[in-house]
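J.: Quick one, fold the following:
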Amino acid sequence: MTGQRVRLRPFETEDIKELQRWSNDPVSILLVGRAPQAYEQIERQIMSKRQKGDLLLAIENEENKLIGWVFLKDIEHEHGRAGIGILLAPEARGQGYGKEAMKAMIRIGFDQLRLHKIYLTTRGLNEQAIALYKKIGFVIEGKLREHAFCDGQYYDTYYMGMLKSEWQISNKS
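T.: Below is the predicted model:
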């Protein structure tokens, strides 16, 4: 699956080393709210996601360089829903790759997996991500006040979602 500047491909075991680097970046740690993780911890998480049937895809840029990953998790076909997540390499952030990769994964979710709804959660301090998700078409469905403790402060957690019908309206071509 390709966008204008990104290509999605299966996330391979060899990609875990880069995922560990991105996950342990100080900005990622702050925005996701977890402690640094060893390679083995991330490897176990990947294996668990695969066993649960999550769809894990690597993001490559126009030079075929690995710059992130995007995934659909907790896929519930009986309810037509799944959660979405993304993490980009620090050097790839703020360049539009995230938007293209998210849109490509959403297209897979709605068109190939026939989902009805895709949802996500994000912390209130991640204003850049919230703005991106809104541009793509996600709407805030709820907020948990002061739900996450990061960097000595409490932040709200936002629940955002998009229905297939909303996606189809906003992405007519």
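J.: Going by C-alpha atoms from here, please, whenever you check contacts or count neighbours.
T.: Fine.
J.: Pull up the gap between the nearest residue to Q20 once chain neighbours are set aside and D15, please.
T.: Nearest in space to Q20, with sequence neighbours left out and distances taken as C-alpha to C-alpha, 6 or more residues apart in numbering, is Y39 at 6.1 Å. According to C-alpha to C-alpha, to the nearest Å, Y39 stands 11 Å off from D15.
J.: Touching, I130 and L120? I think so.
T.: No - taking C-alpha atoms under 8 Å as the definition, I130 is not a contact partner of L120, at 10.4 Å.
J.: Against P10, how distant is the residue nearest to Q20?
T.: Using C-alpha to C-alpha, we find Y39 at a distance of 19 Å from P10.
J.: again, but for A92
T.: Distance of A92 to P10, computed by C-alpha to C-alpha: 19 Å.
J.: Likewise for T122?
T.: Counting by C-alpha to C-alpha, the gap between T122 and P10 amounts to 24 Å.
J.: By residue count, tell me the biggest helix in the protein.
T.: Ranked by residue count under DSSP state H, the longest helix found in the chain is helix 39-52.
J.: can you list the residues that contact the helix or strand just after that one?
T.: Per DSSP states H and E, helix 39-52 leads on to strand 55-60 as the next helix or strand towards the C-terminus. In this structure, residues lying in contact with strand 55-60 by C-alpha atoms under 8 Å, 6 or more residues apart in numbering are 6-12, 15, 50, 66-73, 101.
J.: how about 6 Å then?
T.: Residues from elsewhere that reach strand 55-60, judged by C-alpha atoms under 6 Å, 6 or more residues apart in numbering: 6-11, 66-72.
J.: Please enumerate the strands of the protein.
T.: Using DSSP state E, the strands of the chain run over residues 7-10, 55-60, 66-76, 81-88, 117-123, 139-150, 153-163.
J.: before we move on, back to that, which of the contacts of strand 55-60 sit farthest apart?
T.: Within those, two members stand farthest from each other by C-alpha to C-alpha: L66 and L72, at 18.4 Å.
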